[in-house]
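Q: next comes the sequence, and after it the predicted model I'd like to discuss.
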Amino acid sequence: RAKSAGGNRFELADAEADARAITRHGLTTALPAALERGEFFIEYQPLVHLGDGTVHGAEALVRWCHPQHGVLGPDRFIPLAEHTGLIVPLGRWVLEESVRQAHFWQERHSDGGPLRINVNLSPTQLHHPLLVAETVDVLERSGLEPGALCLEVTESALIGADDDLLKPLRQLAEMGVDIALDDFGTGYSNLANLRRLPVSVLKLDRSFTQGMQQHPADPVDLKIVEGIVSLAHSLDLAVTVEGVETGAQAEQLRELGCDTAQGWYYARPGAPDRIHSLLLADAV
Ligand code: C2E
Ligand code: MG
Ligand code: MG
Ligand code: MG
């Protein structure tokens with residue numbers, strides 16, 4: 001019995017795997033036309049100062065409005081676009097569109113201080129020879145100052161990075177663009193290695209925030225976050241936390257010295273109008 005049940009399970013698993021592979025294949029081949037037809041759109045999630053709840057900026061998160069499958073999250077198609085190289089034109093579009101949007105917000109809220117825009121970069125984009133030139137071009141055409149842009153690169157993309165890979169990031173950093181280390185704490189980067197990287201922001205991965213959800217929070221988790229924050233601050237890095245879902249987490253992270261936060265507690269990713277009204281309201 002056990003054997004036949006196991007057999008059925010395998011068949012089911014195979015069928016699911018096949019279905020997934022078919023969808024993957026279909027999505028991969030549909031990507032270029034989708035970009036041309038304008039099926040991608042961007043949602044923005046606010047980044048908030050933990051101290052006073054004011055809006056610090058927003059992260060641009062891409063979605064695909066697929067004619068058959070509905071709205072797909074980036075985890076469904078970014079890896080495919082990365083694999084085929086379509087991430088380069090798609091990423092260029094995301095950068096252009098979100099920088100334009102950020103400039104629009106700034107023009108309307110000039111009294112609210114500089115609003116920042118965070119854009120994710122995948123490893124292929126990082127290796128692209130035109131990364132610096134295209135970023136400069138996008139900024140110049142939009143009128144957004146480089147200091148208002150933050151490019152997010154995952155920790156894993158920079159593990160073992162040599163000087164060739166770091167050079168374009170250094171150039172961007174010298175222009176004033178912030179580089180954030182995204183999903184920090186999930187890779188295996190040597191903390192001492194941080195000094196070598198041209199980053200100015202650490203984005204603590206959501207897994208740390210989840211550890212704060214218990215009451216009382218795990219004391220070891222607290223110590224780890226406290227340690228990361230003090231190390232980051234001693235290296236002049238700002239600390240952003242992802243995945244803040246409750247007020248208790250926000251309070252805890254504020255006490256631990258984190259600078260900015262992002263999460264459903266403040267706002268889910270949404271249409272650009274949301275950011276506009278949050279800026280009008282002055283605080284989340
Ligand atoms: P990420 O950069 O770490 O972005 C944060 C993810 O956490 C987003 O998922 C966001 O919707 C989600 N999130 C925010 N607050 C909360 C919360 O309180 N609780 C929980 N459970 N989740 C929260 P999303 O939008 O599905 O994006 C997933 C990943 O896709 C991003 O992770 C990023 O690595 C990648 N991505 C998104 N847009 C782009 C893009 O334009 N280019 C590239 N290369 N990657 C992108
Ligand atoms: Mg990110
Ligand atoms: Mg992240
Ligand atoms: Mg993440």
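A: Structure received. Ligands and ions are numbered 1, 2, ... in the order given.

Q: can you list the residues of the chain near ligand 1?
A: Contacts of the chain with ligand 1, taken as C-beta under 6 Å from any ligand atom, map to 45, 61-62, 73-75, 78, 91, 94, 120-122, 152, 182-183, 206, 242-245, 262-264, 269. Using the backbone N, CA and C atoms, a C-beta is placed for each residue, glycine as well.

Q: point out where the stretch 101-250 of the chain drops to low pLDDT.
A: Scanning the stretch 101-250 of the chain for pLDDT under 70 picks out the ranges 110-114, 188-190.

Q: up against ligand 3, what does the chain have?
A: 182-183, 242 (C-beta under 5 Å from the ion).

Q: partners of residue 152 in the sheet?
A: residue 120, residue 180 (DSSP bridges).

Q: next, the contact list for it, please.
A: Residue 152 makes contact with 59, 118-121, 180-182, 203, according to C-beta atoms under 8 Å, 6 or more residues apart in numbering.

Q: one more pass at 6 Å, please.
A: Going by C-beta atoms under 6 Å, 6 or more residues apart in numbering, residue 152 touches 118, 120, 180, 182.

Q: just give me the neighbour total for the second one.
A: Residue 120 has 21 neighbours, counted by other C-beta atoms under 10 Å.

Q: I'd like to know how far it sits from residue 192.
A: Noted for residue 120: a distance of 26 Å to residue 192, by C-beta to C-beta, to the nearest Å.

Q: one more: residue 226?
A: 18 Å.

Q: the more surrounded of the two?
A: The neighbour comparison of residue 226 against residue 192 (other C-beta under 10 Å) goes to residue 226, with 14 against 8.

Q: now the more buried one: closest residue in space that isn't a chain neighbour?
A: Distances taken as C-beta to C-beta, 6 or more residues apart in numbering place residue 256 nearest to residue 226, at 5.4 Å, with adjacent residues excluded.
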